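Enquirer: all I have is the shape, not the residue letters:
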């Protein structure tokens, strides 16, 4: 089972590659990915006190899947597609499991609509705003090989974030 030690880190070429879609015949792989992604989020939270979602390529799975675990509820986004982005933007400090001690100042769309398949291959369209909108945009970028560092506002838009569980920081 994959976990925290398996997170693909900044600089790894896989993070810059576009992922391929899943199919219903990938059911066994999807189940494994979800177990690994859930386990990784829990381990990441224990270490860094952060982590609400993860994209498959962050564990080396080059597939179009996002796993979100918010308020004790998990959601699986298979082959997601952002179909609407609001013109209204928000500015924020973004963080990422693949660069756990770095914050990046960037802009994201205030509202998005995302179309995806669930585990039963039923299609859904959700409209997300604010925090969930930025979260899904971040994870969706991973599926296209885009990192938050590539969206930085400028060369000064980076900040070190100490690890909460590290007594040396």
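Expert: The structure has been received and is ready for your questions. Because the structure is predicted, anything quoted here is derived from the model rather than measured.
Enquirer: just the pLDDT at the residue nearest the centre of the chain, thanks.
Expert: Closest residue to the average C-alpha location of the chain: residue 139 at 2.9 Å, with CA atoms, centre = their mean. pLDDT, residue 139: 98.
Enquirer: quick one: contacts for it?
Expert: Neighbouring residues of residue 139 by CB atoms under 8 Å, 6 or more residues apart in numbering: 53-55, 66, 68, 77. Backbone N, C-alpha and C define where each C-beta goes, glycine included.
Enquirer: identify the farthest-apart pair in these.
Expert: Greatest spacing in the contacts of residue 139, by CB to CB: 54 and 77 (11.1 Å).
Enquirer: which residues are in contact with both of these two?
Expert: In contact with both residue 54 and residue 77: 66-67, 139, using CB under 8 Å, 6+ apart.
Enquirer: among those, which ones are in helices?
Expert: residue 139 (DSSP state H).
Enquirer: quick revisit: ok, the residue nearest to the centre of the chain to residue 37 distance?
Expert: Distance of residue 139 to residue 37, computed by CB to CB, to the nearest Å: 11 Å.
Enquirer: for this protein, which segments are assigned as strands?
Expert: 53-55, 65-70, 73-85, 89-96, 99-109, 111-117, 123-129, 158-160 (DSSP state E).
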